[in-house]
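Colleague: pasting the sequence and the predicted model now:
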Amino acid sequence: MRITVLIFVALLAGQAAAEVYKYRDSDGKWRFSDRPPADAAAESIDRYQAAPAAATQDHKQRLEKKYRPVNVAERASLAVVKVETALGSGSGFFISPAGLIVTNRHVVRPPSLSEADIRGDHAKAEQNLGRAQQTLKRRRAQLKSARIDLQEYERWYKDLSEDEQVQERAAYRNRQQQYQRGKRDIEKYAAQVKRESQRLNTLSSGYKRRHANASIARQFRVYLKDDTSLNAELVALGKKNDLALLKVEDVVVPALSLRTDVARQGENIFAIGSPLGNSDYVTSGIVTSLKRGHIVVDAQIHPGNSGGPLLDESGEVLGVNTWKWLPGPGLGSEGFGIAIGANVVQKEFKSHISHAQTSHQNKQAAPQQNASAVENQTDRALHEAILREFKTTQ
């Protein structure tokens, strides 16, 4: 008896489990397939696990199709992301098509609590509360002194004759009323200080909790140019520099190249990031100075720009925007942006970058290997099912 085996590899590739069916065709011959026919009765004779295909999301093609970039800045912006953490947000950028992201360490790991407090609104609120508590203490001391004076005045008043008391009665009542008004004002002020202290304690507890969570977090949300949200995992923190490496799995993304040679003074540059809670902003300027591995630029760098790329005119990464240096008040300057050089990034994360490149090359070769593996798996399953059928019928 002649047996024809029908194989549907393409249909099997995306299945978690598959079955082998047998049925008779119009000529009465037995046929075997991984999918039951629509025009004949089929019997399931085996079930096996099929290897699922990896679901890689091609954001590169999708973003390029959506935005159709025509200049260097537009094309580079496709590779820049907004990084969201428990305490705020910063910027980052892909340096590998397979999803490797460079950002600043302080974006994903907050500074020490004391430093954060000194710079934050929380510290100002604590200072204001401290001043209010000192004022309350001073006013209570004044009220205590006023009470002592009133008690002395009352003793003096009671020693007066009846006629003298009549003459002093208005002044006596006026002093009593002044004291009571002062006492009520202080009690009202004390209640306000207490409420503010309780509110600040609540905020402080929440802030410290978020700070603690941010200090150990390994998962972060990153947002592409079109606000698509992806999950990124912390891969490494810079040991010597304010740098961090994140990774988004199972994606193909636009990526920027790290320039191998150093920046040049006077070179035109532009920065991309998410300043002040916004996304996808570009500023430009020149390299004003080079200081011990740091690039000083006159482009506007604001909170939220941290971790974004500093690029040359060809779109290669010169550095990672890190902080803004303000020379001081009264100097007539808007300050300078400071970036960590791309060569520092390469040295800090050399092994991780090399591993990402190798993994990406392997994934590019994987589809052909996966198709071959699925085909072999299907052939083996059908072959075993047919042999069992033969043994059963012998």
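Modeller: That came through, no problem.

Colleague: let me see the ranges of the strands in the stretch 1-150 of the chain.
Modeller: With DSSP state E, counting those that start in this stretch, the ranges of strands along the stretch 1-150 of the chain come out as 4-5, 17-24, 30-33, 43-49, 57-58, 80-85, 88-94, 100-103.

Colleague: by contact count, what packs against the helix or strand where V235 lies?
Modeller: Assigned by DSSP states H and E, V235 falls within strand 229-237. Using 3 or more C-beta pairs under 8 Å, 6 or more residues apart in numbering; DSSP states H and E, the elements in contact with strand 229-237 are helix 105-108, strand 219-223, strand 244-247. Where you see a C-beta, it was placed from the backbone N, CA and C, and this is true even at glycine.

Colleague: re earlier: lowest average confidence across the strands of the stretch 1-150 of the chain, which one?
Modeller: Lowest mean pLDDT within the strands of the stretch 1-150 of the chain: strand 4-5, at a mean of 41.

Colleague: residues in contact with the closest residue to V108 other than its chain neighbours?
Modeller: Among residues not flanking V108 along the chain, A244 sits closest, at 5.0 Å (C-beta to C-beta, 6 or more residues apart in numbering). A244 makes contacts with 102-105, 107-109, 234, 236-238, 307, as judged by C-beta atoms under 8 Å, 6 or more residues apart in numbering.

Colleague: in a markdown table: the helices and strands packed on strand 229-237, plus mean pLDDT and distance to V193.
Modeller: Formatted as a markdown table, the helices and strands packed on strand 229-237 follow (pLDDT from 0 to 100; distance: least, C-beta to C-beta, whole Å):
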| stretch | mean pLDDT | distance to V193 |
| --- | --- | --- |
| helix 105-108 | 91 | 34 |
| strand 219-223 | 95 | 39 |
| strand 244-247 | 96 | 41 |
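
Colleague: any chance of those in a markdown table, plus distance to K188?
Modeller: Below are those laid out as a markdown table (distance: least, C-beta to C-beta, whole Å):
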| stretch | distance to K188 |
| --- | --- |
| helix 105-108 | 43 |
| strand 219-223 | 45 |
| strand 244-247 | 50 |
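
Colleague: of all those, which lies closest to G335?
Modeller: With C-beta to C-beta, the closest approach to G335 among the helices and strands packed on strand 229-237 belongs to helix 105-108: 17.7 Å.

Colleague: show me what the closest one is packed up against.
Modeller: strand 80-85, strand 88-94, strand 229-237, strand 244-247.

Colleague: mind doing that once more with 7 Å?
Modeller: Packing partners of helix 105-108 (3 or more C-beta pairs under 7 Å, 6 or more residues apart in numbering; DSSP states H and E): strand 80-85, strand 244-247.

Colleague: so which of those strands comes closest to R31?
Modeller: Among the helices and strands packed on helix 105-108, the nearest to R31 by C-beta to C-beta is strand 244-247 (47.0 Å).

Colleague: give me the contacts around the helix or strand that comes right after that closest one.
Modeller: Next helix or strand after strand 244-247 toward the C-terminus (DSSP H and E): strand 251-252. Residues outside strand 251-252 that contact it (C-beta atoms under 7 Å, 6 or more residues apart in numbering) are 56-60, 97, 99.

Colleague: chain center to strand 251-252, what's the gap?
Modeller: Distance of strand 251-252 from the chain centroid (C-alpha atoms, centre = their mean, to the nearest Å) equals 19 Å.

Colleague: quick one: low-confidence parts of the stretch 51-200 of the chain?
Modeller: 51-55, 111-122 (pLDDT under 70).
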